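A.B. asks: Mind looking at a prediction? Sequence and model below.
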Amino acid sequence: MLSRIHMSTFEELLAGCLKQDNKCKEMIYKSFYGYLIAVILRYVGERADAEELVNDSFIKIFKNLHTFRHPQDPAQLQNAFKAWSSRISSRTAIDFLRSKKVYLNVDDIPEDKHIATPESAIAQLNAQDIMKLLNALPDTHRIIFNMYEIEGFSHDEISKTLDIPVSSSRVYLTRAKNKLRELYSIQLSA
Amino acid sequence: MKPSEDELISRIKKTMASYEEPYLPGAWEKFNESTAKEKKRLFGFYQVLNIAAMLLVCAFVFLYVDKVVEKPKSDVVKKKTAPVQRPQTEAELTPGALGDEIGLPELDRSIYTAKRKSTNQVLDSAMNTALAQQYAYRAVDSAALQQLAVLTAPEQNIQLQNMVGSRRMQLNAGPALRSKLPVPTISARPDQANESSSRFESFLQKEQVMALAKSGPKENTAKLDKWEMGLVVAPSIANNNKLNLGYGVSMGYALSKKVSVVSGISYNDMNASNQVPAAPVNTAAFFSGEAKNLQSVEASVSGIDIPLGIKYNLSKKVYANVGVSAFAVLNERKNNTYIQERSMQTVSSDPGTAGEMRIVVMNQRITEKAPDASLGDKYIGFYNFSFGVKQPLSKKNSLSFEPFVKLPMKETSADNLKLIGTGIKLKLDF
């Protein structure tokens, strides 16, 4: 039988991390490991790389925790921390990709036509199916789609982070969405 | 079909926003270990920096002390040489050789040179009238100038006046004075003016007496110098990065100029830790909340250390030391560190997985006093290796900086602990 231990509030855990309390760090690490490695895996295909990157992310998180701004609503603290830490993780993953020379080529990209997708099957999509769809995208498309649609970066931020024009970011996003629809249609028809 | 397309993207967004991978067992331990290693690496880096800073300070102290010790010595030598009344030979009596041979301090020498010039100007006019007595006058000049070198400025003025006066008298007396000139007379120093020609012999006799008086105590000090006593403070770092302190007295006996036997007695603290290999996870114990694995053993001993070694002097200042020591354990403590695994439940507050129960496993580090604190050995043998730099502080005292390594002859019989000590011994010899 599992013994129930009094759980510290999330705020206390963060305060403990700031005081370099290893127990608090352990709690945070174990609570957010799954979420952050999922963020990284959306950028980096290799699991071994993702495991190293998640640790790098946690090092940055614990090191820069003092810079995390608590939201006005205490109820949103955990979500705010989650968003903040996921941004650190995604940037860590992007830096890794850049170091591996995954070039983000900016070509003249023609506007793609929208591809229709059957509505009924969408609700049945699970996380693994979506991960497969995302992994099938070209690197640049996947990165921009993740950053904009899931992590909530703006096109300006993407432009600065990836060192590409804002217009290219918009075009790549559109292409990524169309590619996803196309891939989804192929998946359905298979 | 636009709505369905938007629905696909929103479905992806929604699913991915709350998607989590399962926790990989051992991930935290791996993370914790790597960060601890990084910290250790940093600690090592800072340690190297500290040692470098210490060496820099030591080097500065050496250089500074060198200057402080050497400067007064050279002053003393110069001051001593100036007033020495040496027996005057014929060569010294010539004015050309005079300035070069008298060991004067730089300032005195410049004053002397200036005075000599003015003196020569005065004397030259007198010498023009009595060319036949040139040699005798030069003898007077040189004797007078030699006296000037040891006199202060006001005295020199009086002396000059007296000398010029006596010269005029000599000039007036003419050739009759010639027979009296070998012994020049100077009114400013009447004590020396009446000295007989046997001054040189008496001076030599005095010198011999002084030399004999000095040689006696020298032999005694040489005998005493064979023994060397000192106070020792030895901070050291153990293999668990803890700082230990040892303090005591040291003594040595010089077998030859190069080789000495050294010994002493000191009170030392020593630490050691040993990591225990990780035991396999006991699942049953974990779920019953009793999983407790021994991670490391840490021991601390204090006692009396008696070293015996050979010291080899590589130069006057640098020496190497090799030896053994017997460490008698007076007090010993032992702590065991355990990793206790504890599980806890948390409730997810995410919109996607709200109310979902989650188990979080936490590792807690517990340090407890070992039930049996004994290391199993009452006497521990060590090998000692060191090299040192000796800096004289005064004639009798010197300060030595001696980096050392203390290696145990064998592991302690309990828990295979290695009591290693590395540090710098500071020794004040007197």
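C.D. replies: Everything's here; your move.
A.B. asks: Nearest residue to residue A:90 in space, please, no chain neighbours.
C.D. replies: Closest residue to residue A:90 apart from its sequence neighbours, by Cβ to Cβ, 6 or more residues apart in numbering or on different chains: residue A:151 at 5.1 Å. From N, CA and C alone the C-beta is placed, and that goes for glycine too.
A.B. asks: who's in contact with residue A:89?
C.D. replies: Contacts for residue A:89 (Cβ atoms under 8 Å, 6 or more residues apart in numbering or on different chains) come out as A:36, A:39, A:40, A:53, A:54, A:57.
A.B. asks: Need those residues in CSV (columns: pLDDT, distance to residue A:89 and neighbour count).
C.D. replies: Listed next are the contacts of residue A:89 as CSV, based on pLDDT from 0 to 100; distance: Cβ to Cβ, whole Å; neighbours: other Cβ atoms under 10 Å in any protein chain shown:
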residue, pLDDT, distance to residue A:89, neighbour count
A:36, 93, 5, 27
A:39, 91, 5, 31
A:40, 92, 5, 24
A:53, 93, 7, 25
A:54, 93, 7, 29
A:57, 94, 4, 26
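A.B. asks: For chain B, state which of those residues is nearest.
C.D. replies: Chain B has its nearest neighbour among the contacts of residue A:89 in residue A:54, at 7.8 Å by Cβ to the nearest Cβ.
A.B. asks: how far away is that closest one from residue A:67?
C.D. replies: 20 Å (Cβ to Cβ, to the nearest Å).
A.B. asks: Could you list the buried residues of the helix or strand that contains residue B:15?
C.D. replies: Using DSSP states H and E, residue B:15 sits within helix B:2-17. Neighbour-count burial for helix B:2-17, counted by 16 or more other Cβ atoms under 10 Å in any protein chain shown, picks out B:5, B:8, B:9, B:11, B:12, B:15, B:16, B:17.
A.B. asks: Surely the last one is in contact with residue A:150?
C.D. replies: Spelled out, it's residue B:17. Yes - between residue B:17 and residue A:150 a contact is recorded at 6.2 Å, counting by Cβ atoms under 8 Å.
A.B. asks: In the stretch 1-150 of chain B, where is pLDDT below threshold?
C.D. replies: B:1-5, B:39-48, B:58-150 (pLDDT under 70).
A.B. asks: Same question for the stretch 201-350 of chain B.
C.D. replies: Flagging of the stretch 201-350 of chain B using pLDDT under 70 yields the residue ranges B:211-224, B:277-291, B:343-350.
A.B. asks: which residues in it form strands?
C.D. replies: Assigned by DSSP state E, counting those that start in this stretch, the stretch 201-350 of chain B shows strands spanning B:227-237, B:243-254, B:259-275, B:292-313, B:318-347.
A.B. asks: ok, the second one: who's next to it in the sheet?
C.D. replies: Looking at strand B:243-254 with DSSP bridges, its partner strands are strand B:227-237 (antiparallel), strand B:259-275 (antiparallel).
A.B. asks: Can you name the residues in contact with that strand?
C.D. replies: Under Cβ under 8 Å, 6+ apart, the answer for strand B:243-254 is B:225-238, B:260-271, B:305, B:311, B:421, B:423, B:427.
A.B. asks: go again using 7 Å as the cut-off
C.D. replies: Applying Cβ atoms under 7 Å, 6 or more residues apart in numbering or on different chains, the external contacts of strand B:243-254 come out as B:226-238, B:260-271, B:305, B:311, B:421, B:427.
A.B. asks: go on, stretch B:420-430?
C.D. replies: Taking Cβ under 7 Å, 6+ apart as the rule, stretch B:420-430 contacts B:228-239, B:244, B:250, B:270, B:272, B:386, B:396-408.
A.B. asks: Now the strands paired with strand B:243-254 in TSV, please, with extra columns for mean neighbour count.
C.D. replies: Formatted as TSV, the strands paired with strand B:243-254 follow (neighbours: other Cβ atoms under 10 Å in any protein chain shown):
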stretch	mean neighbour count
strand B:227-237	17
strand B:259-275	18
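A.B. asks: and which of the buried residues of helix B:2-17 is nearest to residue A:26?
C.D. replies: Closest approach to residue A:26 among the buried residues of helix B:2-17 (Cβ to Cβ): residue B:17, at 25.2 Å.
A.B. asks: so how far is residue A:83 from that closest one?
C.D. replies: From residue B:17 over to residue A:83 (counting by Cβ to Cβ), the distance is 10 Å.
A.B. asks: Now whatever residue of the stretch 101-250 of chain B ends up closest to chain A. Its backbone dihedrals?
C.D. replies: With Cβ to the nearest Cβ, the shortest gap between the stretch 101-250 of chain B and chain A falls at residue B:241, namely 17.4 Å. Main-chain dihedrals, residue B:241, degrees, to the nearest 10: phi 60, psi 20.
A.B. asks: Measure how buried it is and give me the count.
C.D. replies: Using other Cβ atoms under 10 Å in any protein chain shown, residue B:241 has 12 other residues around it.
A.B. asks: Can you tell me the SS state at residue B:364?
C.D. replies: Of the three states, residue B:364 takes strand according to DSSP: H, G, I helix; E, B strand; the rest coil.
A.B. asks: Show me where the chain has its helices.
C.D. replies: I'll assume chain A. A:10-18, A:22-43, A:47-63, A:77-99, A:127-135, A:139-145, A:155-162, A:166-189 (DSSP state H).
A.B. asks: that answer is for a different chain, and I need it for chain B
C.D. replies: In chain B, the helices defined using DSSP H lie at B:2-17, B:27-81, B:90-93, B:95-101, B:106-129, B:134-149, B:153-173, B:190-193, B:199-225, B:283-287.
A.B. asks: Tell me how far the spatially closest residue to residue A:60 that is not a sequence neighbour lies from chain B.
C.D. replies: Of all residues not flanking residue A:60 in the chain, residue A:88 sits nearest, at 5.3 Å (Cβ to Cβ, 6+ apart). Taking Cβ to the nearest Cβ, to the nearest Å as the measure, residue A:88 falls 15 Å from chain B.
A.B. asks: Can you convert the strands paired with strand B:243-254 into TSV and add a column each for distance to residue B:330?
C.D. replies: Listed next are the strands paired with strand B:243-254 as TSV, based on distance: least, Cβ to Cβ, whole Å:
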stretch	distance to residue B:330
strand B:227-237	17
strand B:259-275	8
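A.B. asks: quick one, what contacts the residue positioned nearest the centre of chain A?
C.D. replies: With distances taken as Cα atoms, centre = their mean, the residue of chain A nearest its centroid is residue A:39 (3.5 Å). Counting by Cβ under 7 Å, 6+ apart, residue A:39 makes contact with A:86, A:89, A:90.
A.B. asks: Residue B:382 is in contact with residue B:405, correct?
C.D. replies: No - Residue B:405 is not in contact with residue B:382 according to Cβ atoms under 7 Å; the separation is 9.7 Å.
A.B. asks: neighbour count winner among those two?
C.D. replies: Comparing residue B:405 with residue B:382 by other Cβ under 10 Å, the one with more neighbours is residue B:382, at 21 against 14.
A.B. asks: what is that one paired to in the beta sheet?
C.D. replies: residue B:325, residue B:408.
A.B. asks: distance of residue A:26 from residue B:362?
C.D. replies: Residue A:26 is 6 Å from residue B:362, by Cβ to Cβ.
A.B. asks: Compare those two (neighbour count), which wins?
C.D. replies: Neighbours were counted for residue A:26 and for residue B:362 using other Cβ under 10 Å; residue A:26 has more, 22 against 16.
A.B. asks: and that one, how far is that from chain B?
C.D. replies: 6 Å.
A.B. asks: Which pLDDT value does the model give that residue?
C.D. replies: Residue A:26 is assigned 89 on the pLDDT scale.
A.B. asks: Understood, closing this out.
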